[in-house]
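J.: Give me the fold of what follows.
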Amino acid sequence: MTVAERVPSRRGTARAVPRRRLKSEKVVDSLGLAIVSGQRAAGSLLPTEAALSARLRISRASLRQGLHALGLKGLVEGRTRRGTMVNDQSRWNVLDPDVLRWIALSPPDPTFFMELLEVRAIFEPAAARIAAGRASAAQVLAIESAFRAMAAALPADVEACCSHDLAFHELIIDATGNPLLIRFAAAIRTALLAAFRLSSNARKSYEDSLAEHWAVAVAIRRRDPDGAEQAMRTLLAGTARDLAPAYEGAKRGRRAVAKPVTAARRRSK
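T.: Numbering: from 1, shown residues only. Sure thing, here's the model as predicted:
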């Protein structure tokens, strides 16, 4: 066989690999969202490879590639002679970008957002304290500009307000100059935006929220580390207070979603 005759075969193989990758990514997205949203409960078994590949209209090779990716994210685990089992949430890699995206797309999980708020209460007041000592004049102006854009968006455009709210917090973290903290904040930005959307809808008073944000910005401008830290603690405490009713509603909503899934699973046995 000549070189010219072999080239098309190589090209065909090159085209087949991306197609398989795209199909496996589709598996990851479909099953990942189903697991994170609670449609597939922890401890349940996924359908057999034959059933899943037929349902998703993909080859077993693409399916296995997708299941392997879900395993690396901690969502599933292959069990000998049993099949593929859905893992408990405690085993998920919650810093994985896909997992965070699926969490944002799912009905609000009160436990996750309470845990996220706990994490924020650990690092954001400290970040505000550091920013008060390190922020450049340009960074201070950027923080204040994000606040003004946030205030201008209310009450007509809550979505824009959430985007500017996220920018406000990210700019404060950027002003710390700590690359590890900056990278961590970037990793969880999808979850943070989802949290801001939830808290904005739950806010009893936009005026109170704006006043709490502005107090943080003012303390940073005044180079007041103690004041900046305390202002951020007050802001997060207000968020926790306003989110409490939303969390209770979310719990009821997730229980309602879970019941039909459980019933359907029982019928299938």
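J.: And the helices in the stretch 151-269 of the chain, which stretches?
T.: Assigned helices in the stretch 151-269 of the chain, in chain order: 158-174, 179-187, 189-202, 206-221, 225-268 (criterion: DSSP state H, counting those that start in this stretch).
J.: let me fix that: the stretch 1-150 of the chain
T.: For the stretch 1-150 of the chain, the helices defined by DSSP H, counting those that start in this stretch cover 3-36, 49-56, 60-72, 97-105, 110-134, 137-153.
J.: out of the helices of the stretch 151-269 of the chain, nearest to residue 45?
T.: Closest to residue 45 of those, according to CB to CB: helix 225-268, at 9.7 Å. In this view, the C-beta of every residue, glycine as well, is placed from N, C-alpha and C.
J.: Any stretches of the stretch 101-250 of the chain with poor pLDDT?
T.: Scanning the stretch 101-250 of the chain for pLDDT under 70 picks out the ranges 202-205, 246-250.
J.: closest one to residue 61 among the helices of the stretch 151-269 of the chain?
T.: Minimum separation from residue 61 across the helices of the stretch 151-269 of the chain (CB to CB) falls at helix 225-268, 26.5 Å.
J.: which residues sit in contact with residue 143?
T.: If you count contacts by CB atoms under 8 Å, 6 or more residues apart in numbering, residue 143 has them with 131, 135, 168, 171-172, 175, 217, 220.
J.: could these be laid out in JSON lines, adding distance to residue 79?
T.: Formatted as JSON lines, these follow (distance: CB to CB, whole Å):
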{"residue": "131", "distance to residue 79": "48"}
{"residue": "135", "distance to residue 79": "52"}
{"residue": "168", "distance to residue 79": "46"}
{"residue": "171", "distance to residue 79": "46"}
{"residue": "172", "distance to residue 79": "45"}
{"residue": "175", "distance to residue 79": "48"}
{"residue": "217", "distance to residue 79": "52"}
{"residue": "220", "distance to residue 79": "52"}
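J.: From those residues, keep the buried residues only.
T.: Burial by neighbour count, judged by 16 or more other CB atoms under 10 Å, picks out 131, 135, 168, 171-172, 175, 217, 220 from these.
J.: Could you report the pLDDT at residue 16?
T.: Here, the pLDDT recorded for residue 16 equals 49.
J.: can you redo the helices of the stretch 1-150 of the chain as TSV with distance to residue 236?
T.: Listed next are these as TSV, based on distance: least, CB to CB, whole Å:
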stretch	distance to residue 236
helix 3-36	25
helix 49-56	42
helix 60-72	33
helix 97-105	20
helix 110-134	5
helix 137-153	16
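J.: Of all these, which one comes closest to residue 241?
T.: Closest of these to residue 241 is helix 110-134, at 10.9 Å (criterion: CB to CB).
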